[in-house]
Structure formats: structure tokens, C-alpha cells
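this one's structure only:
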Ligand code: GDP
């Protein structure tokens, strides 16, 4: 069985470029056809515009998009994640339903407090992360300084997968340390990536950072250590990729990429990294629930064969469709017409439609499967935090609780 899904959140301090980056992610994945500009207030994620024109987008709390990689199509669900811990309930509910995060940093401001808070909150939930150092074109941009701050302020071990070619006004492209290629974006919309040999004046720096990448992987990943120490083994790209994936998913290392969302540089490699390193829902440990009848703790496998269980993480009112329940499905599957149970109320209801939320429209889908994020119509009395299950087996999932803010003493 294939689970080609990634459920991600994007966390950032205000102004780091989360809206711009999200917009570009939607553009390169084909969800939107024109790049908007936050400064003109016409991006998909822009709140005012959303409220005015689309209503659904922001209130839906999640957008689904697709990215094609190596002939496979992956579903990426971007779950709205507020950057500020003041929205503790919002942060908590999104962290409950997403599987990993992309942390966006401004290359000149570095690691800022709002990201710090949500980062530690995500850490508490055991969520894997990737960092994107944005605004490499901005005055004062310093990729290496931000790497250092990830280490010192976030207690994480950053693993640079790229180094920038130039910075500020001279930010030209990226050196991919795994492929050992220089990547340039030549057209205005950043659609064409040109792969070139690494410029000569970057040879030394590239070798140094590639060596650092390998050594760090060897330090944190036993399998890679064996390979690295064995001079008879030629280390392949695949081996490096697998080691990064393991260390990212065990949260011992955090892959770091860079670019400029605004200048349309570096976004496609980030999409690839989301697929390559972040976990698919079925790669995560089984989920704990409580049998509502016997009160016994049960473990549910995150696959379609398992009994259905899901968590309502937001209820939204849509002008046209009425009440929608945003649901994360953890196990099993549901089809429109199925009758499911709201474990809290003890009432069952028939699902009339299952929807997938896209950036500017909703798509009716036949079924929702373990790992998916969908919206349901036909729900009665559902509230945020409600567990839905099959009527045969009532499973109560841990509800959404408000966490205490993480206070760091430095
Ligand atoms: P958010 O608050 O994190 O959602 O940030 P926005 O996406 O709204 O961006 C904040 C400001 O930074 C806007 O003026 C953007 O145009 C600008 N911005 C975003 N990304 C970049 C970038 O890569 N380079 C530069 N120079 N500016 C950027």
C-alpha cells in the first residue's frame, strides 16, 4: 500500500516570509496559476483577500496540493499553523494533526522568538522538521549565522544540505551538496532550474560543507557510519538521502535549505526535501486511543485495514456548504454515505460529502483514507477535538488540550 502524503505545517516568526513561501509552494505545485505578491495583498494565503473572496481557504485550516517527484505524485497537505504561541489552542490543534513542519527563517533576522516557541512545542509532540532560510537576497542575509542560531537557540543539530551562491543583491543560486551541482533560477517566475558545475571559487567551501554533511550524518546515523568508514564502499546519493531521512525522522538532525521565496529561488528543492525526508503518515508510530465501551487503551495502526478513527480539528461554516468538519483520519477509511460515530456525543451520523480543500476550490472525493486530511459535510454537533469512529468500535482519541506555553530560560 502506498501512502503518498505529507501533512505539514509551516512555522515562522511574523514577516519571515511564510505567506510568500506558501504562495510559491502552491504556484510550483500547480495549484495557483499566477504568483501573487503579499505587498499587493493578492496572495492566496493573504487573510483579507481570503475572507473577501474565498472565505473557505483560511477557515478551512488546510490546503491540499500535489507535487510530482520521480514519477510519483505526492499529496501535500499544508495545515495552517499560527506562528505565535498566544494562539495556544490553534497551535496545539494544528500540531496534533500535522506530521512535520517546515520552519521558515529570515536570513538576516535569524531565529526569532515566535518560531522558537512553536519549535519547542513541536518538539514536545515529536514532530520532524526541515528549515528553510528565506530572504537570502535581503541586506544582511547570512546563511551560516542562521545555521549557528538553529544550533544555539533551538538546541538542534542543523544539517546544511545546500550552501548559497552569493547573498544579498548577489544571491544567485544554490549549491546542492548532495548532487554536487550549482542550481540557478533564470526566469522571473523561477520555473526553470539550470544545473551547472560548481563555480571554481566555491570549490573549497563546497568540499568543506559536503564533508561536514557526511561527518555529521556518520556521527548521528549508525548505518551511514559503517558506510562512511568503509573505504571500499562508494557512497551514493541514495545512501546519503536515506541517512538524512532517518536522522530527520528520528529528530536527531534537522535538514536546512535556503533561498528567496520572493525572488522565486530555492522553492522546488524544498518541495523535494518535504517528500524525501519528512515522514508519510504510515511511517509514524501507531496511535493510542481508548475503547469507549471498555475504557481499555488500544493502539491503532495507521493503515486502511484498521478500524476507522479520526479527529475533528476545526469546524468551519462555509457560505455554500454550511457546516464543515475538518478531519484528520488516523486509521481506516470512510466513504460518502457511511455512517460514523461521534464518540463524545454517542450519536451517529451519515457523511454526505467528503471534500478536499484546495487553494481556491473544494474537490469532492470518493473516500478519505488513513493519513488524509479532509472536510466532511453532514456532520451534526461536531466540535473541535471530537473523535469520530466506526459505529462498530467507538474509539476515543486524545482530545485537543491547551498546552502551557514553553518558557525558556536562557
Ligand atoms: P509572513 O508574515 O511570514 O507571512 O511574511 P510575508 O510572506 O508576508 O513576507 C513579509 C515581507 O517580506 C513581505 O514584504 C514580503 O514581500 C517580504 N519577503 C518575503 N520573502 C522574501 C524574500 O525571500 N526576500 C525578500 N527580500 N523579501 C521577502
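Yes, it's here. These figures come from a predicted structure and were not determined experimentally.

contacts for stretch 27-38 next, please.
When contacts are taken as Cβ atoms under 8 Å, 6 or more residues apart in numbering, the neighbours of stretch 27-38 outside the stretch itself are 19-20, 23-24, 26, 42-44, 46, 63, 65-67, 76, 189-191, 264, 267-268, 271, 358-360. Glycine gets a C-beta too; all of them are placed from N, C-alpha and C.

list the buried ones in that stretch?
27-29, 31-32, 35-36, 38 (16 or more other Cβ atoms under 10 Å).

quick check: the farthest pair among the residues you listed?
Considering Cβ to Cβ, no two members of those lie farther apart than 29 and 38, which are separated by 18.4 Å.

note down every partner strand of whichever strand or helix holds residue 364 and its orientation.
Counting by DSSP states H and E, the element that carries residue 364 is strand 362-365. Based on DSSP bridges, the pairing partners of strand 362-365 within the sheet are strand 353-357 (antiparallel).

quick check: mean pLDDT of the partner strand?
Rounded to a whole number, the mean pLDDT of strand 353-357 is 93.

now do that strand: distance to the chain's middle.
Relative to its chain's centre, strand 353-357 lies at 20 Å (Cα atoms, centre = their mean, to the nearest Å).

then stretch 152-172?
From the chain centre to the centre of stretch 152-172 is a distance of 19 Å (Cα atoms, centre = their mean).

try stretch 21-39
Put simply, stretch 21-39 sits 16 Å off its chain's centre (Cα atoms, centre = their mean).

follow-up on the earlier one: out of the contacts of stretch 27-38, which end up buried?
Those of the contacts of stretch 27-38 that meet the buried threshold are 19-20, 23-24, 26, 43-44, 46, 63, 65, 67, 76, 190, 264, 267-268, 271, 358-360, by 16+ other Cβ under 10 Å.

roughly how far apart are the residue nearest to residue 372 when sequence neighbours are not counted and residue 386?
What sits nearest to residue 372 in space, not counting adjacent residues and going by Cβ to Cβ, 6 or more residues apart in numbering, is residue 329, at 5.0 Å. As judged by Cβ to Cβ, to the nearest Å, residue 329 and residue 386 stand 13 Å apart.

so what's residue 240 up against?
Listed by Cβ under 8 Å, 6+ apart, the contact partners of residue 240 are 178, 213-214, 217, 224.

host element of it?
Secondary structure assignment for residue 240, by DSSP H and E: helix 237-249.

would you mark the buried spots in that helix?
Within helix 237-249, the residues that qualify as buried are 239-240, 242-249, counting by 16+ other Cβ under 10 Å.

again with stretch 202-218
Of the residues in stretch 202-218, those buried by neighbour count under the rule 16+ other Cβ under 10 Å are 202, 206, 209-210, 213-214, 216-218.

dump those into a markdown table; add distance to the ligand as well.
Shown next, in a markdown table, are these (distance: Cβ to the nearest ligand atom, whole Å):
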| residue | distance to the ligand |
| --- | --- |
| 202 | 21 |
| 206 | 23 |
| 209 | 22 |
| 210 | 25 |
| 213 | 24 |
| 214 | 29 |
| 216 | 26 |
| 217 | 28 |
| 218 | 33 |
